[in-house]
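# I would like to see how this sequence folds:
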Amino acid sequence: MLHQSKINAALRAILPALLVCVSLLLSCTKDDTIIYGASSIGNVVDGVFTADNGLRYIVQEQTCEGDLKTLSRAFITMDVLSKAEGKDTYNIRLLSMSGVLLKDIVVLSEASPDYVEEMGSDPSLVQSIWTSGNYLNVIFTVPFFKDSDVAHRINLVYEGDEKDGKMIFSLRHNAYGEVPSEQNPLNVKAFFGTGIVSFPLTLLKEKGGKEVEIEVRTRWYVKEGDTYIYDTEPSTVAGTVSLQ
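Here you go, the predicted model:
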């Protein structure tokens, strides 16, 4: 069962290592497939998946459920089948797709008290942060209840700068009651789910320069005996974000 008390690791691009740069791996196979199992994150524009690195992918075959055209932003895995007409455009076999939330960063000093309260303070865990294109992408984990259709809220809140210029953020989560408690223990009703959210880099780019130091704070669980409790101390992920 997943749990983690403190995270004090350098900001790292775990997922970008999986976001295979197809242009560097163009090698034909016997069935003419260019590459198998590539992954990418990007926007869906006029039914075409446009990766944050500028490559465009047209779905010719599909082995997963869902309709990519219904998503505005997505993380996909694919087999690249062939070069298509047009610059940096490829035909693909779509293997899987996950919708990616797209939200603006909330500036705490500009938010109303009611909005701050609505953002919540329920447990959330940052799994990875990286930049691609004009976005800051965050993989997060939150608790949820089995078979529930309750929509959770997730926000990245800019709280201000430290003296050294580091930008301080907090990942805020409102589970709308779907958190473990004595009535709803973690090992009976609550589970952990993972999602991806992207935030435009506009606020970070206002700092100027090619990179910026950031720190993202969250609160998660610690285990005491057989019980998981909400940690009163924040977990942090910190490091340098490239703005190029």
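# domains for the protein, by residue range?
16-99, 101-242 (automatic domain parsing).
# list the buried ones in stretch 236-244?
The neighbour-count check on stretch 236-244 (16 or more other CB atoms under 10 Å) flags 236, 237, 238, 239, 241, 243 as buried. Where C-beta positions appear, they are placed from N, C-alpha and C, glycine not excepted.
# TSV for these, including distance to residue 71, secondary structure and pLDDT?
Formatted as TSV, the buried residues of stretch 236-244 follow (distance: CB to CB, whole Å; DSSP: H, G, I helix; E, B strand; the rest coil; pLDDT from 0 to 100):
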residue	distance to residue 71	secondary structure	pLDDT
236	31	strand	90
237	26	strand	90
238	31	strand	90
239	29	strand	90
241	25	strand	88
243	26	coil	85
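# between the residues you listed, which is nearest residue 202?
Nearest to residue 202 among these is residue 243, at 10.6 Å by CB to CB.
# tell me how far the closest one lies from residue 74.
Per CB to CB, to the nearest Å, residue 243 is found 24 Å from residue 74.
# got it, and residue 244?
From residue 244 across to residue 74, the span is 24 Å (CB to CB).
# kindly report the same for residue 216.
According to CB to CB, residue 216 and residue 74 sit 23 Å apart.
# next one: residue 205
Residue 205 sits 24 Å away from residue 74, going by CB to CB.
# now do the lengthiest helix in the chain: which elements does it pack against?
Identified as the longest helix of the chain according to DSSP state H is helix 113-119. Contacts defined by 3 or more CB pairs under 8 Å, 6 or more residues apart in numbering; DSSP states H and E place helix 113-119 against strand 153-161, strand 167-174.
# how about these in TSV, adding distance to residue 89?
Converted to TSV, the helices and strands packed on helix 113-119 look like this (distance: least, CB to CB, whole Å):
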stretch	distance to residue 89
strand 153-161	32
strand 167-174	35
